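Q: sequence plus predicted model, see below.
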Amino acid sequence: MRGRILSRIARTRLSWLSIAWLTTLWVLLWGQLSVANVISGAVVAVIVTALLPLPRIGFRGKVRPLGVLRLLARFFLDLLQASFQVAFLALDHSHVPHGAVIGVHLRNESDLYLSLTAVLTTLVPGSMVVEALRRDGMLYIHVLDLELMGGVEKVRRDVLAVEERVLRALASDQELAAAGVALRRSR
């Protein structure tokens, strides 16, 4: 068994960035920076990346710094607004929230963009992706209070707007065209 593990480690292309990240997490979890923690963290990181390799996600896109900035700025605004809405909802005992699960069909079929859209949607308080269907490009989102969120169509529009910002930040021109998102040209 030990020989199989060592040969698998030797055959696997290890991502040094992943190893560094996992080693850092290991040291942070132990809460003490020491030589022993760094070495043991690096050993655990090598074993984890060798035995549990992540699949490669094809990225044919193009990173647009202005699009990434818009995506992050709008995400933080949504995060702030939703945090206040959920806080007021928690404090308002006269209002009974009515949750719902809403299906949203995304326009792009890429796993990367589906995942990013799902993560950004889930990180905003009051909404959570409960299921993502890769083959259909569907996200099922649970919202805490449908009335507070503006209704079913508003939730769908908001999720599609998140997807559009993700696409504008990272997708290639061809992926934007296939999704029906017009490329903004700077003046």
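A: Yes, it's here. Residues are numbered from 1 along each chain as shown.

Q: could you use CA atoms for every contact and neighbour count after this?
A: Noted.

Q: now do the SS call for Tyr140.
A: Tyr140 carries the three-state label strand when classified by DSSP: H, G, I helix; E, B strand; the rest coil.

Q: beta-bridge partners for it, please?
A: Here Tyr140 shows beta-bridge partners Gly103, Glu131, assigned using DSSP bridges.

Q: name the helices or strands packed onto the longest helix anywhere in the chain?
A: When the chain is parsed with DSSP state H, its longest helix is helix 65-91. Applying 3 or more Cα pairs under 8 Å, 6 or more residues apart in numbering; DSSP states H and E, one finds that helix 65-91 contacts helix 152-170.

Q: which neighbouring elements make contact with the next helix or strand after the helix it packs on?
A: Using DSSP states H and E, the next helix or strand after helix 152-170 towards the C-terminus is helix 173-179. On a contact count with 3+ Cα pairs under 8 Å, 6+ apart, helix 173-179 meets helix 152-170.

Q: please save the CA atoms from the helix it packs on in PDB.
A: Written as PDB, here are the backbone C-alpha positions of helix 152-170 (Å, rounded to 0.1, in the frame of the first residue of the first chain):
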ATOM      1  CA  VAL A 152     -40.000  35.100  -8.200                       C
ATOM      2  CA  GLU A 153     -39.100  37.100 -11.400                       C
ATOM      3  CA  LYS A 154     -36.900  39.600  -9.400                       C
ATOM      4  CA  VAL A 155     -34.900  36.700  -7.900                       C
ATOM      5  CA  ARG A 156     -34.400  35.200 -11.300                       C
ATOM      6  CA  ARG A 157     -33.300  38.500 -12.800                       C
ATOM      7  CA  ASP A 158     -30.900  39.000  -9.800                       C
ATOM      8  CA  VAL A 159     -29.300  35.600 -10.300                       C
ATOM      9  CA  LEU A 160     -29.000  36.100 -14.000                       C
ATOM     10  CA  ALA A 161     -27.400  39.500 -13.300                       C
ATOM     11  CA  VAL A 162     -24.800  37.800 -11.100                       C
ATOM     12  CA  GLU A 163     -24.100  35.300 -13.900                       C
ATOM     13  CA  GLU A 164     -23.800  38.200 -16.400                       C
ATOM     14  CA  ARG A 165     -21.300  40.000 -14.200                       C
ATOM     15  CA  VAL A 166     -19.300  36.700 -13.800                       C
ATOM     16  CA  LEU A 167     -19.300  36.300 -17.600                       C
ATOM     17  CA  ARG A 168     -18.300  39.900 -18.200                       C
ATOM     18  CA  ALA A 169     -15.400  39.500 -15.800                       C
ATOM     19  CA  LEU A 170     -14.100  36.100 -17.000                       C
END
